[in-house]
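Trainee: Structure, please.
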Amino acid sequence: MSKKKVAISFILAAIMLFCVIQPFGIVSAQYYREGVGSYTSVLPLGSKGPQTEIYKTSNLQGAIPTNSWESSILWQQYSLPIFAHPLTFRFKGEGIEIGKPALGGSGIAYIGAHKNDFTVGHSSVRNFPDARADKISDFATDVVMASGSSSIKSTLMKGSPYSYFAFTGGNPRLDFSSTPTVFYGDSTTQYLGITINGENYGLFAPSGSTWHGIGTGTITCILPTGKNYFSIAVLPDNKVSTLTYYKDYAYAFVTDTKVDWSYNEIESTLTTTFTAELSLKEGANKGTIFALYPHQWRNNPLISPLPYNYSTLRGTMKTVQGTSFKTVYRYHGILPNLPDKGTYDRAALNAYINELALQATSPLANDTYWYGKHLGKLSCALPIAEQLGNTSASDRFLSFMKSSLEDWFTAEEGETTKLFYYDSNWGTLIGYPSSYGSDEQLNDHHFHYGYFLHAAAQIALRDREWASQDNWGAMTELLIKEIANWDRNDTRFPFLRNFDPYEGHSWAAGHAGFADGNNQESSSEAINAWQAIILWGEATGNKTIRDLGIYLYTTEIEAINNYWFDLYKDIFAPSYGHNYASMVWGGKYCHEIWWDGTNSEKHGINFLPITAASLYLGKDPSYVKENYDEMLKECGTSEPPNWKDIQYMYYALYNPAAAKSMWNESIVPEDGESRAHTYHWICNLDGLGLPDFSITADTPLYSVFNKDSTRTYVAYNASSVTKKVTFSDGKAITIPPHSMSVSVGKGNEVLVGDLNGDGKINSTDVTLMKRYLLKIIVDLPVEDDIAAADLNGDGKVNSTDMTIIKRVVLKIFPASS
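Mentor: Numbering: from 1, shown residues only. Now for the predicted structure:
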C-alpha cells in the first residue's frame, strides 16, 4: 500500500475516535467512508461526468435509473425510439408515436425498427416543449408531456400490448399517415377496432365518450366530464372477439411493476415473479395481458398461455392474463475455479504461471476497463498457482489484487486517478480514469466493475477479514449496488441499473441514445459480473447478495441462449444468415461489434472472459461446433486469425482433445487471458469431460462433468464448517471448510422414463407424462423430474418425449436405447 494510503487510514481512524459519523460514513462534505475505504463527491480535476440536465418531473426522486430500454427519455428533450415489445414508442413534440415494428434484413443485421403507425396527440397542444420521466418502476415507466395546464401522461410497460394515457386540458387526438380502416365501432361506441399499416389496434375510451373524424386521417376522442383516461392495445388479429377480449382488460391501468426472485438451494431452481399493480378505471376485470418473451415462456410449467401471440424481433411472444406470472429455471452452479484434474504437463503449467507472475504488477492501462481485465486475469491465475504449490506466484497475485483494490477503493483530496466518484445528480458511482463512455454516458459499468468484483470475491474466499464490512467489503458492495442494487431502501442507486428484469439481460448504454434503442455486445462480460456477485455473496456468507447473483446469472444465461445464440432455432430469421448475434439491440440483432475487428473477435466477444463460471457456454456442444465452424467460414481460414486462445477454450466445450492439440504456447494471449489459464482450462476439460447439465446440487458452487459416461462431481465449500453436498442423482460428497472436493463415479442413476420412481416404465408413466405436458401437474413424483422425463436428452420435455415413452411401453424399442 502506498504511503498516502497509510496516511489516510490514520486520518480516518482519528475521525472515528473523535467524530460522530454521519449516515453513509460521511468523512467530510466531499468524501464518504465505506469501511476503511472511501469515495468522493468531487469530480476529479480534468475529468468529465454525465450531463447535468435530466428530463424528469419532480415526482421522480432518488437515484435515476439508466442503462434501460426507456433511458433516452431521461437524456433528451423528447426521446429516441423506445422498444417495449411488442410495441415501440417515440416521444416527439406532437405527441407519442406508437407502432409495431416491421421486421426485415439480411447479412449484417436483422431489424425491427420503430415505425409510426399513428401519433397520440392532444387536442389543445400542437407542440409540447419536452417529454419527462415521471415514474420508473421495474418494467414500466410513466412519461409526462405538459404545456401550461394541458398534459398527456403516458404509461408504458415492457411486454404489454397496452399503453395507457391520462389527459388534462383536452382530448386524445390520433393522427394517422393515412386513413385507418375501422373494423369495429362508430362515433358512438365506447371503443374502436382499427387497422393501419397492416397492424390492428383497439382504442379504448371511457363510457360516454364519442369519436370525431372516423373516415379521415385524424380521429379525436371526446372524453366525458370527469373521465380523463384512454388506452390503446395492439391486437394479434382483427377479429371482433379478440378486440372484445382485450377490451375487458383495457381499463385496468398499470400503476406499478415489480420483480421478485427466489433461489431454492435444495432444488437448485430460481423462481421469478413479475407483478403489475393495477387501478381499475371501470368494468370488473382487474387483470392485464402480459406478452412473454421466449426465455419467459419456454419450458415454463407455471403459465397457461392465451391463444394470442405476437411475432417480434425476439421471436414469438406468447400472452398470459392476470396480475402476475412466474418463471422457473434450473441453476446449474458455478465454481470459483476448475479443479486440479487436467491432462497438463505440470512443469509447463508452472512455467506459464511464473511468466505471468513477472507481469502481475503491469496492467495494460489504468482505466477501469483495462485495469479491471488485468485483475480478472490474475483472479483466474491465482488458484492455479495455489494448485501447483507455487506460493511465490500466488502470493504475488494476491498481494497485487489486494493493493490494487485498496488503492481504487480509497479517495483523498487532490487525487485524480484510481478512485471512485459519486454523482449525486444521477445517483451513480464512476471510476476514474474512465473509458468507453463510462463517465459521460454511464456506459458499461457492469463490464468494468465485474472484473473488480471478481478479484474482490477471490480475495474474500481466502481472507474473510479483508472482505468484512469494517474493512474493504463495504466498498466492494457499493460497486455491486452501482450495477445491480438489490436494496430498494438504498436510494443512492437505482434498482438493478444494468439489468432489464423483463427482457432478462443487461443493457450497456447508459443513455440508450440510438435509433435502434439500447444494446449489449459482450453478454459474457455481464455474466462475469454476475458470477462475481455469487462468489462474493457465498464467500462472505451474505445469502441476499448470493441469491441476487444467482438471479442475474441464471436469467441472463437464458436470454443469451435465446437471443445471442438462438439455441432453439426459433429466433433468428433465415434471411439473417448467421447462427449467432454479436450484439443485441432493442430494435435489431446483428453481426457487428463496436470496433473494426475480425470475425474471431465478433464471436469471441461473447465468450470472454472465460472463467470457471463460463461452462454455460457448453450447454449445447453441437452448437459450439456450429458457432466455431461459422467463425472459420466467415474468416475464410482454417484457424482463427486472432484470439486463438479464446476460440480454442470455447471449442474445448465441444471437443477438448482437439482443442488441446490446436493450442500451443506460441499463441499470443488475448489481453485479458494468460497462457497458464488457457492451458489449465483446456486440459481440465480434456481430463474431466464436458459439463453435464442434467445433474444439479443443493449448493451454489458446483459443477458436474461427464467423460465416456463417467461423471466427475465438483463442489466448493466457502463456509467455515464441513458441508455435505448432495447431487440430484443421489451422489453425495463431504467437503471440508474453504475447500474444493472432487469425486468420480456414479450416483443413484435416474431411470429415464420412470416418472413415478417405482423402478418401472409403464402406462402409469405415460399418463403422468400426458398430465405434465398438458400442465395439469407442474411437477413429477420423482426427484429429478426433468432428467427422468427428457427421454431424448435434448434438455427439454415435450411431445417428442411423449412419443418415445409410448414406444418404450409398446416395446417398439427398448428403454435402454
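Trainee: Which neighbouring elements make contact with whichever strand or helix holds T319?
Mentor: Per DSSP states H and E: T319 is located in strand 315-322. Judged by 3 or more Cβ pairs under 8 Å, 6 or more residues apart in numbering; DSSP states H and E, the packing partners of strand 315-322 are strand 288-292, helix 294-297, strand 309-312. Heads up, the C-betas are built off the backbone N, CA and C, glycines and all.
Trainee: Go through the ones you listed and name the closest to G372.
Mentor: helix 294-297 (28.0 Å; Cβ to Cβ).
Trainee: packing partners for that closest one?
Mentor: Against helix 294-297 (3+ Cβ pairs under 8 Å, 6+ apart) you get strand 315-322, strand 324-330, helix 543-559.
Trainee: so the longest one versus strand 324-330, what angle?
Mentor: Interaxial angle, helix 543-559 versus strand 324-330 (axes from the mean of the first three to the mean of the last three Cα atoms, to 10 degrees): 90 degrees.
Trainee: Please spell out which residues along helix 543-559 are buried.
Mentor: By 16 or more other Cβ atoms under 10 Å, the buried positions in helix 543-559 come out as 545-559.
Trainee: Repeat that for stretch 266-278.
Mentor: Neighbour counts over stretch 266-278 (16+ other Cβ under 10 Å) mark 267-268, 270-272, 274-276, 278 as buried.
Trainee: Please apply the same query to stretch 185-202.
Mentor: Applying 16+ other Cβ under 10 Å to stretch 185-202 flags 185, 190-194, 196, 199-202 as buried.
Trainee: Name the nearest of those relative to Q458.
Mentor: Closest to Q458, out of all of those and judged by Cβ to Cβ, is E199, at 51.8 Å.
Trainee: Show the contacting residues for the residue lying closest to the closest one once chain neighbours are set aside.
Mentor: The spatial neighbour of E199 that comes closest, neighbours along the chain excluded (Cβ to Cβ, 6 or more residues apart in numbering), is K100 at 4.7 Å. Shown in contact with K100 (Cβ atoms under 8 Å, 6 or more residues apart in numbering): 86-88, 115, 117, 199, 234, 310.
Trainee: where are the low-confidence patches of the stretch 1-150 of the chain?
Mentor: Applying pLDDT under 70 to the stretch 1-150 of the chain flags the ranges 1-29.
Trainee: Please enumerate the helices of it.
Mentor: 3-18, 72-75 (DSSP state H, counting those that start in this stretch).
Trainee: follow-up on the earlier one: now for the buried residues of stretch 266-278, which pair is the farthest apart?
Mentor: Pairwise distances across the buried residues of stretch 266-278 (Cβ to Cβ) peak at 33.7 Å, for the pair S268 and L278.
Trainee: picking that back up, and the strand holding T319, which strands flank it?
Mentor: Taking DSSP bridges as the criterion, strand 315-322 forms sheet pairs with strand 288-292 (antiparallel), strand 309-312 (antiparallel).
Trainee: Centre of the chain to the shortest one, how far?
Mentor: Averaging C-alpha positions (Cα atoms, centre = their mean, to the nearest Å) puts strand 309-312 22 Å from its chain's average.
Trainee: Sort out which residues of that strand are buried, please.
Mentor: Buried residues in strand 309-312, counted by 16+ other Cβ under 10 Å: 309-310, 312.
Trainee: need those in JSON lines with distance to R132 and pLDDT, can you?
Mentor: Formatted as JSON lines, those follow (distance: Cβ to Cβ, whole Å; pLDDT from 0 to 100):
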{"residue": "N309", "distance to R132": "34", "pLDDT": "99"}
{"residue": "Y310", "distance to R132": "29", "pLDDT": "99"}
{"residue": "T312", "distance to R132": "28", "pLDDT": "98"}
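Trainee: Out of these, which comes closest to G753?
Mentor: N309 (32.0 Å).
Trainee: If T40 is in a bridge, with which residues?
Mentor: Residues in a beta bridge with T40, per DSSP bridges, are Y31, Y421.
Trainee: Quick check: the residue most central in space within the chain vs L270, distance?
Mentor: In the chain, the residue lying closest to the centroid (Cα atoms, centre = their mean) is H505, at 2.4 Å. Separation of H505 from L270 (Cβ to Cβ, to the nearest Å) stands at 15 Å.
Trainee: Now the closest residue to L364 other than its chain neighbours. Its backbone dihedrals?
Mentor: Distances taken as Cβ to Cβ, 6+ apart put W370 closest to L364, at 4.8 Å, once the chain neighbours are dropped. Note on W370: its backbone torsions stand at phi -70, psi -30 [degrees, to the nearest 10].
Trainee: excluding its backbone neighbours, what's nearest the residue of the chain most remote from its centre?
Mentor: Outermost residue of the chain with respect to the C-alpha centroid, by Cα atoms, centre = their mean, is T188; its distance is 46.5 Å. Once flanking residues are discounted, T188 sits nearest to T210: 6.0 Å by Cβ to Cβ, 6+ apart.
Trainee: What about the one you found, how many residues nearby?
Mentor: T210: 16 surrounding residues under other Cβ atoms under 10 Å.
Trainee: Please report how far it lies from D186.
Mentor: In terms of Cβ to Cβ, T210 sits 10 Å off from D186.
Trainee: what's the burial count for the residue nearest to I136 when sequence neighbours are not counted?
Mentor: If the residues on either side of it in the chain are set aside, I136 comes closest to P65, at 4.8 Å by Cβ to Cβ, 6+ apart. Neighbour count for P65, taken as other Cβ under 10 Å: 23.
Trainee: Now do the host helix or strand of H680, average pLDDT.
Mentor: Using DSSP H and E, H680 sits within helix 675-688. Helix 675-688 comes out with an average pLDDT of 99.
Trainee: Please name every helix or strand in contact with that helix.
Mentor: On a contact count with 3+ Cβ pairs under 8 Å, 6+ apart, helix 675-688 meets helix 346-359, helix 368-388, helix 644-651, helix 656-662, strand 702-707.
Trainee: can we see that at 10 Å?
Mentor: helix 346-359, helix 368-388, helix 644-651, helix 656-662, strand 702-707, strand 710-717 (3 or more Cβ pairs under 10 Å, 6 or more residues apart in numbering; DSSP states H and E).
Trainee: what about the chain, any weak spots by pLDDT?
Mentor: 1-29, 747-751, 783-784, 793-795, 812-817.
Trainee: returning to that earlier point: now the buried residues of strand 309-312 in a markdown table, with distance to I605?
Mentor: As requested, these are exported to a markdown table (distance: Cβ to Cβ, whole Å):
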| residue | distance to I605 |
| --- | --- |
| N309 | 32 |
| Y310 | 30 |
| T312 | 25 |
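Trainee: need the contact list for the residue lying closest to N519 once chain neighbours are set aside.
Mentor: Using Cβ to Cβ, 6+ apart and skipping residues adjacent in sequence, the residue nearest N519 is W585, 4.4 Å away. W585 makes contacts with 83, 109, 111-112, 313, 507, 509, 512, 514-521, 592, as judged by Cβ atoms under 10 Å, 6 or more residues apart in numbering.
Trainee: same thing with R771?
Mentor: R771 neighbours (Cβ under 10 Å, 6+ apart): 755, 777-778, 780.
Trainee: And for S666?
Mentor: By Cβ under 10 Å, 6+ apart, the contact list for S666 reads 644, 675.
Trainee: where's it, which helix or strand?
Mentor: Going by DSSP H and E, S666 is not in any helix or strand.
Trainee: Can you name the residues that contact the residue lying closest to D487 once chain neighbours are set aside?
Mentor: Leaving aside its chain neighbours, D487 sits nearest to K481 (6.8 Å; criterion: Cβ to Cβ, 6+ apart). Residues in contact with K481 (Cβ under 10 Å, 6+ apart) are 63, 429, 487, 490, 492-495, 497, 545.
Trainee: Of those residues, just the buried ones, ChimeraX syntax please.
Mentor: In ChimeraX, a selection of the buried entries from the contacts of K481 looks like this (16+ other Cβ under 10 Å):
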select :63,429,490,492,493,494,495,497,545
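Trainee: The closest residue to G46 other than its chain neighbours: neighbour count?
Mentor: Spatial nearest neighbour of G46, excluding adjacent residues (Cβ to Cβ, 6+ apart): T416 at 6.3 Å. By other Cβ under 10 Å, the residues close to T416 number 13.
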